[in-house]
Structures are given as C-alpha cells and as structure tokens.
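J.: how does the following fold in three dimensions:
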Amino acid sequence: MAENLDMAGQRLRIGTNRGTTFEADAIVIASGLGCFNGEGQIVRPDPLTRWGLERCGNAIAVDPETFATSCPGVFAIGDACHYPGKLKLILSGFHEAALMTQAIRQYIAKAQG
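T.: Numbers count the residues shown, from 1 in each chain. The predicted structure is shown next:
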C-alpha cells in the first residue's frame with residue numbers, strides 16, 4: 001500500500017508500507033470508497049491525506065475546469081475530488097474524465113515544449 005509521495009524531483013517517488021520505493025512519471029489513484037488494509041478492511045481517511053494535497057473535507061480540492069490539484073501535474077476526478085457545485089454522480093465522473101484528459105494532454109504538450 002502506498003504510504004508517501006515525493007513530488008520534489010523530476011519524477012514521482014512512491015513509498016510503500018513494505019519499504020519499497022517506485023518512481024513514475026504519472027500515477028493513477030483509483031481509491032473508490034477508501035483504501036483497503038492488509039486484512040481487506042476499508043480504511044478512512046485514506047493515505048492521500050498524508051500527501052499534502054489541498055483538501056476539502058475528505059476530498060481533494062481541484063480546479064473545476066482542469067481537475068488539477070494543488071500539486072502541479074497531479075489531477076483528480078470522481079468521488080475523490082471536490083469543487084463548487086460537485087455532484088457525486090457516475091455521469092459527473094465521465095464528464096470530469098473527459099475534461100481532465102484534455103487538461104493532461106495540454107499539460108504534457110506544454111511540458112514537452
């Protein structure tokens with residue numbers, strides 16, 4: 001299970017509860033209702049609370065146009081995110097996915113120059 005996220009360098013570094021560290025250009029977090037511990041029980045709050053992303057209650061605060069979080073290059077959609085007027089409907093999640101995908105495409109294109 002992911003325990004920490006280091007976003008200081010060029011790549012993301014994800015540390016696990018087993019002492020393993022992974023590097024990535026991008027990560028996708030699909031935590032749904034929460035995260036599961038080793039016994040399969042849902043744990044709240046999930047590990048995202050320790051990653052330093054701006055929060056709104058139990059959700060990650062995002063820009064409603066791009067779904068960017070408070071950390072550059074990190075995006076969130078679905079039940080994990082919050083913005084003014086947010087409706088927790090599956091239809092909203094599909095809409096958010098389409099907008100976020102375009103925002104990420106533009107973010108990557110800009111980063112590549």
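J.: C-alpha only now, for contacts and for neighbours.
T.: Fine.
J.: how many neighbours does L5 have?
T.: Using other C-alpha atoms under 10 Å, L5 has 19 other residues around it.
J.: which stretches of the protein have low pLDDT?
T.: Residues of the chain meeting the criterion pLDDT under 70: 28-50.
J.: which residues of the protein fall in helices?
T.: Taking DSSP state H, the helices of the chain run over residues 90-112.
J.: any chance you could map the strands in it?
T.: Here the chain has its strands, by DSSP state E, at 2-6, 12-16, 21-24, 35-36, 42-43, 55-56, 59-61, 81-82.
J.: for K86, phi and psi?
T.: Backbone torsions for K86, taken as degrees, to the nearest 10, come to phi -60, psi 130.
J.: quick check, central residue of this structure?
T.: A76 (4.4 Å; C-alpha atoms, centre = their mean).
J.: mind listing what the closest residue to R55 other than its chain neighbours touches?
T.: Excluding the flanking residues, the one nearest R55 by C-alpha to C-alpha, 6 or more residues apart in numbering is A61, at 5.0 Å. Contact analysis of A61 by C-alpha atoms under 8 Å, 6 or more residues apart in numbering lists L53, E54, R55, T69, S70, C81, H82, Y83.
J.: in PyMOL, select just the buried ones from these.
T.: Selection command for PyMOL covering only the buried members of those, criterion 16 or more other C-alpha atoms under 10 Å:
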select buried, resi 53+55+69+70+81+82
